[in-house]
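>>> sequence and predicted structure, then a few things I'm wondering about:
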Amino acid sequence: MIYAPEHTYTVYMKVCIMCGGEGTRLRPLTFERPKPCIPIVGLPSIQHLVSHLSNLGFREVIITLGYMGSVIEESLRDGSLFGVEITYVREETKLGTAGSVKNAQRYLEDGDFLVVGGDHVTDLNLLEFYRDHTRNRAPITIGLISIDEPGDYGIAEIDADFRIQRFKEKPSPGEIFSNLASTGIYACTSEIFDEIPSETKFDFARDLFPRLMEGGHPIRAWLARGNWTDVGNPLSLRHAERWKLQEIPYTSISGDLTMRAGQIQGPVQIGSSFSMGESSRIIGPVSIGAGTEIEDHVLIGPYTSIGEDCCIRSHAKVFSSSLYNRVTIGMNSTVSGSIIDNDSVIGDGCSLENDTVIGPRVVMEKGVVVHSRTRVWPEVEIPAGTVIREHLLNDEYEVRYDGS
């Protein structure tokens, strides 16, 4: 005879998501939202992350908050819509990556847990990562991924048993001994809290890893396979959105659509109250929000995301770009590989070259040309015929765009 236990306890896998950074490297997109809330295919990026973790079975989520944390709370609420339970922990001062996790120790110290950055966009099998860690019992396991340009990341040298022999944070030329870069995703045991001081700035890569290695504690590696980025700059943000657009399985229309002699080649995801004029064409994968209007003879190329209530005027072309909400693109204008924030107006005959970022409420008059890798700060008005060759700042906002 089999006896059922008197009490059944459910143990959820835990994940700590760090959301404290200001996202200065993504300005002007982070003046009015934290980095984890930058839209990717119409949704805050952290919603994609929490959905992915939930699908893998991570049900207990602890989120450390700093810059504009209330916006993150509004985006996720209590987590019930994503099938998780969320606890928020605020940082009164900047504590660094390890320090922010230490600040949430009371919610994490009863077992193993995963640490993920709030700006991560990924399809990695983090359940496999977590299980690998629990089998091998090192204090911490670092998720590593092979990349072509590892100089902007921490890099690791490992042996055949996946133990880390050397680790170097952001190596200089001549110090890049490996192309295995840290994803900033860690699987941890509660032992690490003994090595992290309280109420002081302390980082995983710069401080904790050297301390563990000097103390003879093993650090293991897990080799990741799949897509991952930390959305650290506009180009990586565009790559992340491309991955998400590729996940659109087929053409879908939510609500009513008005179209005259146009062509949609899927997969295309279309919101309600969408209209498209004569002889316009959309080549997927593309996502278009509710209330957007596309006029006549417009071409929308693959890997483009257009938000709600936008207007693309006649003979305009948009290729591999992100248009947020209420953006207007003028007649005969071309937008290529660009990001345009809310309520900006691009005039007739303008050209936005690859890897340009336009902040919110920018107004460009007729015939403006924006050179590649150029950013325009919020609320800038640009006269007709201007050629923008360098970042165009607005002194009413902070002008720094390096750092976190």
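It's in. Numbering: from 1, shown residues only.
>>> can you give me the strands for the stretch 101-250 of the chain?
In the stretch 101-250 of the chain, the strands defined using DSSP state E, counting those that start in this stretch lie at 113-117, 121-122, 140-146, 154-158, 164-169, 180-188, 219-223, 228-229.
>>> turn those into JSON lines, columns for mean neighbour count, mean pLDDT and distance to Val345.
Where C-beta positions appear, they are placed from N, C-alpha and C, glycine not excepted. What follows is the strands of the stretch 101-250 of the chain, written out as JSON lines (neighbours: other Cβ atoms under 10 Å; pLDDT from 0 to 100; distance: least, Cβ to Cβ, whole Å):
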{"stretch": "strand 113-117", "mean neighbour count": "25", "mean pLDDT": "96", "distance to Val345": "34"}
{"stretch": "strand 121-122", "mean neighbour count": "24", "mean pLDDT": "94", "distance to Val345": "29"}
{"stretch": "strand 140-146", "mean neighbour count": "23", "mean pLDDT": "95", "distance to Val345": "40"}
{"stretch": "strand 154-158", "mean neighbour count": "20", "mean pLDDT": "89", "distance to Val345": "42"}
{"stretch": "strand 164-169", "mean neighbour count": "17", "mean pLDDT": "89", "distance to Val345": "42"}
{"stretch": "strand 180-188", "mean neighbour count": "24", "mean pLDDT": "94", "distance to Val345": "37"}
{"stretch": "strand 219-223", "mean neighbour count": "20", "mean pLDDT": "95", "distance to Val345": "47"}
{"stretch": "strand 228-229", "mean neighbour count": "20", "mean pLDDT": "90", "distance to Val345": "30"}
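>>> next, format these as JSON lines and append distance to Ile46.
JSON lines is the format used below for those (distance: least, Cβ to Cβ, whole Å):
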{"stretch": "strand 113-117", "distance to Ile46": "10"}
{"stretch": "strand 121-122", "distance to Ile46": "9"}
{"stretch": "strand 140-146", "distance to Ile46": "18"}
{"stretch": "strand 154-158", "distance to Ile46": "23"}
{"stretch": "strand 164-169", "distance to Ile46": "25"}
{"stretch": "strand 180-188", "distance to Ile46": "15"}
{"stretch": "strand 219-223", "distance to Ile46": "23"}
{"stretch": "strand 228-229", "distance to Ile46": "14"}
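>>> out of those, nearest to Glu398?
Nearest to Glu398 among those is strand 113-117; the distance by Cβ to Cβ comes to 22.3 Å.
>>> in CSV, please show the C-alpha coordinates belonging to that closest one.
Output of strand 113-117 as CSV, limited to C-alpha atoms (Å, rounded to 0.1, in the frame of the first residue of the first chain):
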residue,chain,number,x,y,z
PHE,A,113,18.5,30.6,-8.1
LEU,A,114,19.1,32.2,-11.5
VAL,A,115,20.3,35.7,-12.1
VAL,A,116,19.4,37.5,-15.3
GLY,A,117,19.7,41.1,-16.6
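>>> thank you kindly, that will do.
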